[in-house]
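Chemist: turn this into a structure:
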Amino acid sequence: MPKSSRKQIDNDEKKILRELQKNSKESIDKIAKKCGFSRQKVWRIIKRLEKNKTIWGYRAVVDDEQINMKTYILLIKGRRLPIGNPAEKDIVERTMDKLGERIGVIVEDSIWLHGDCDWIMSFMAEDLKTAKRFYEALTQQYGENISELKLMETIVTVKKGGFDNPKVAESKKLLD
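Modeler: Reported below is the predicted structural model:
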């Protein structure tokens, strides 16, 4: 059997990744059928992608209301930091995630940015009071490194984790 070229391997991986992004719970058989591959090939590629950390993990996209949570976003503009500032280490080690857990906050996304803001965090909390406690903890921990911090509450989620909100029509009424 001829070996596949690197380009063909990359294309096969991308096909499988697109299917997993649509629905990671899909069976290997269905992914194989959609991609035109054997079940064994799909399984091998997925295992390789997990091993080399192309796939970080899998998660369920949950309706916040069903679990009595709300989603909040923090936009953070930092000050120019000296190289080796301890805040950089804390961000990489996810110190704020751990602090959030103690407060009752679940950090969903933590992303360094290039642009008007330097860092964005998306997190879930039971209510605005809990979200503000997290905001205050962040300010207390990194106040000297932050020039601006904005807390926003999500009103309507149209799309989350690549999935369209099935209740968006109901939610739209809030905007009318």
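Chemist: does Ser122 count as helix, strand or coil?
Modeler: strand (DSSP: H, G, I helix; E, B strand; the rest coil).
Chemist: give me the pLDDT for it.
Modeler: Ser122 carries a pLDDT value of 94.
Chemist: give me the beta-bridge partners of it?
Modeler: Ile73, Asp109 (DSSP bridges).
Chemist: in the chain, which spans are strands?
Modeler: 70-78, 106-112, 119-125, 146-153, 159-160, 163-164 (DSSP state E).
Chemist: domains of this protein?
Modeler: Domain assignment for the chain, taken from automatic domain parsing, gives 6-51, 64-160.
Chemist: tabulate these (a markdown table), appending distance to Ala169 and mean neighbour count.
Modeler: All C-beta spots, glycine's among them, are computed from the backbone N, C-alpha and C. Shown next, in a markdown table, are the domains of the chain (distance: least, Cβ to Cβ, whole Å; neighbours: other Cβ atoms under 10 Å):
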| stretch | distance to Ala169 | mean neighbour count |
| --- | --- | --- |
| domain 6-51 | 21 | 14 |
| domain 64-160 | 10 | 15 |
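Chemist: so can I have TSV of the ones you listed showing distance to Pro166?
Modeler: TSV is the format used below for the domains of the chain (distance: least, Cβ to Cβ, whole Å):
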stretch	distance to Pro166
domain 6-51	14
domain 64-160	11
